[in-house]
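A.B. asks: Fold the stuff below for me.
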Amino acid sequence: MDFFAAGSRPSLKANAEYFTGTVWQDVIVEAPAPARVRALRVAFEPGARTAWHTHPLGQTLHVLSGTGLFGLRGAAPRVIRAGDSIWIPPGEEHWHGAGPTTGMVHLAIQEAADGKSADWLEHVSDADYERAPE
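C.D. replies: Now for the predicted structure:
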């Protein structure tokens, strides 16, 4: 068993190669093999967002606080709010982040295939981010 007391692991600033704006990540679990689960608490400042990406085994997002946006390739973004949950199937190109003027925090849960839990693509353009939500 591994026990991690609250505050014993530092928050990590998300890699600018995969995120736009200021994003903080707190690891909840990175289970050792043969388990594959990884869960993160991700806090997006207003305007911050992920790059386009996919997950080999899918991803679940659960919004903990704030209001944000979730986008699929070729579609207008959707507004997401505290309490919303989203299942993203394997291989589906998507992005998620805060709204333009509001922060958003979500729990991101995914599994790794061959040690990899995401395939990162290009940054989300301002035009895609600013597209009127559904």
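A.B. asks: Mind giving me the packing neighbours of the longest strand seen in the chain?
C.D. replies: Secondary structure assigned by DSSP state E gives strand 59-72 as the longest strand of the chain. Identification of packing neighbours for strand 59-72 by 3 or more Cβ pairs under 8 Å, 6 or more residues apart in numbering; DSSP states H and E yields strand 37-44, strand 78-81, strand 85-88, strand 94-98, strand 104-111, helix 126-130. Quick note: C-beta positions are derived from backbone N, CA and C, even for glycine.
A.B. asks: What sits closest to Gly99 if chain neighbours are left out?
C.D. replies: Using Cβ to Cβ, 6 or more residues apart in numbering and skipping residues adjacent in sequence, the residue nearest Gly99 is Thr67, 5.1 Å away.
A.B. asks: and the one you found, how many residues sit next to it?
C.D. replies: 17 (other Cβ atoms under 10 Å).
A.B. asks: Does Tyr129 touch Pro77 like I think?
C.D. replies: Yes. Using Cβ atoms under 8 Å, Tyr129 is in contact with Pro77, at 7.3 Å.
A.B. asks: What strands flank the longest strand of the chain, and is each parallel or antiparallel?
C.D. replies: Partners of strand 59-72 in the sheet, by DSSP bridges, are strand 78-81 (antiparallel), strand 85-88 (antiparallel), strand 94-98 (antiparallel), strand 104-111 (antiparallel).
A.B. asks: just to revisit the earlier point, to Ser11, which of the helices and strands packed on strand 59-72 lies closest?
C.D. replies: Closest of those to Ser11 is strand 37-44, at 8.0 Å (criterion: Cβ to Cβ).
A.B. asks: what packs against the closest one?
C.D. replies: Using 3+ Cβ pairs under 8 Å, 6+ apart: strand 37-44 touches strand 23-30, strand 59-72, strand 104-111.
A.B. asks: Could you dump those strands into TSV with mean pLDDT added?
C.D. replies: Output for those, formatted as TSV (pLDDT from 0 to 100):
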stretch	mean pLDDT
strand 23-30	96
strand 59-72	98
strand 104-111	98
